[in-house]
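S.K.: Next comes the sequence, and after it the predicted model I'd like to discuss.
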Amino acid sequence: MIAGAARTDEPCERSFTVTLPNSMISIAIARSVIRRITTFESDDAQSSFLVALTEVIGNAMDEHVRMDIAEPITLSVRCDSTDVVSVSDLGAGYDMTDESSAPDDPTHQSGRGLALARAFVPAMGVVSSDVGTTVTLPLVGLGIVR
């Protein structure tokens, strides 16, 4: 629970952002932050959400490395009527709806992490533009940010 926050069933009206370095430690930091502030409905819900979060942050880090981007990745938590965790990077992005962007080689692993994340968090959203990509992971049905 965040210091000073009252524990109620009403949604909170807070949000915050954490900048994460392009380093594997970012995955551990993000997972720790989410476990600390979220009450998950079950152990399975927690595992599912954290697998999705791990995939999303891993993809963001890979994109920053691939494009030689030094700026950090951001993890944002919005706590209002819809608790949402977002991961933003400055990479080129990936269009999950564009079949032509899928790799031709079936053994190629690129893009499969987002499909896995979506399997665990079906309401996941991806928005890419020329200034970066933001992936949103709603907690609805999985947990509640406290």
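M.R.: Looks like it arrived, so ask away. Numbering: from 1, shown residues only.
S.K.: now the helices for this protein?
M.R.: Taking DSSP state H, the helices of the chain run over residues 25-37, 43-66, 112-120.
S.K.: Just name the most buried of those.
M.R.: Greatest average neighbour count among the helices of the chain goes to helix 43-66 (a mean of 19), per mean count of other Cβ atoms under 10 Å. (Glycine included, C-beta is placed from N, CA and C.)
S.K.: which other helices and strands contact it?
M.R.: Applying 3 or more Cβ pairs under 8 Å, 6 or more residues apart in numbering; DSSP states H and E, one finds that helix 43-66 contacts helix 25-37, strand 38-40, strand 73-79, strand 84-89, helix 112-120, strand 132-138, strand 143-145.
S.K.: Can I get that helix in PDB, CA atoms only?
M.R.: This file holds the C-alpha atoms of helix 43-66, laid out as PDB (Å, rounded to 0.1, in the frame of the first residue of the first chain):
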ATOM      1  CA  ASP A  43      -2.100 -15.800  -7.300                       C
ATOM      2  CA  ASP A  44      -2.900 -16.800 -10.900                       C
ATOM      3  CA  ALA A  45      -4.100 -13.200 -11.600                       C
ATOM      4  CA  GLN A  46      -0.800 -11.900 -10.200                       C
ATOM      5  CA  SER A  47       1.300 -14.300 -12.200                       C
ATOM      6  CA  SER A  48      -0.600 -13.600 -15.400                       C
ATOM      7  CA  PHE A  49      -0.200  -9.800 -15.000                       C
ATOM      8  CA  LEU A  50       3.500 -10.000 -14.100                       C
ATOM      9  CA  VAL A  51       4.300 -12.200 -17.100                       C
ATOM     10  CA  ALA A  52       2.600  -9.700 -19.300                       C
ATOM     11  CA  LEU A  53       4.400  -6.800 -17.700                       C
ATOM     12  CA  THR A  54       7.700  -8.600 -18.000                       C
ATOM     13  CA  GLU A  55       7.200  -9.200 -21.700                       C
ATOM     14  CA  VAL A  56       6.100  -5.600 -22.300                       C
ATOM     15  CA  ILE A  57       9.100  -4.100 -20.500                       C
ATOM     16  CA  GLY A  58      11.500  -6.600 -22.100                       C
ATOM     17  CA  ASN A  59      10.200  -5.500 -25.600                       C
ATOM     18  CA  ALA A  60      10.600  -1.800 -24.700                       C
ATOM     19  CA  MET A  61      14.200  -2.400 -23.500                       C
ATOM     20  CA  ASP A  62      15.000  -4.400 -26.700                       C
ATOM     21  CA  GLU A  63      13.600  -1.600 -28.800                       C
ATOM     22  CA  HIS A  64      15.700   1.100 -27.100                       C
ATOM     23  CA  VAL A  65      18.800  -1.100 -27.500                       C
ATOM     24  CA  ARG A  66      18.000  -1.800 -31.100                       C
END
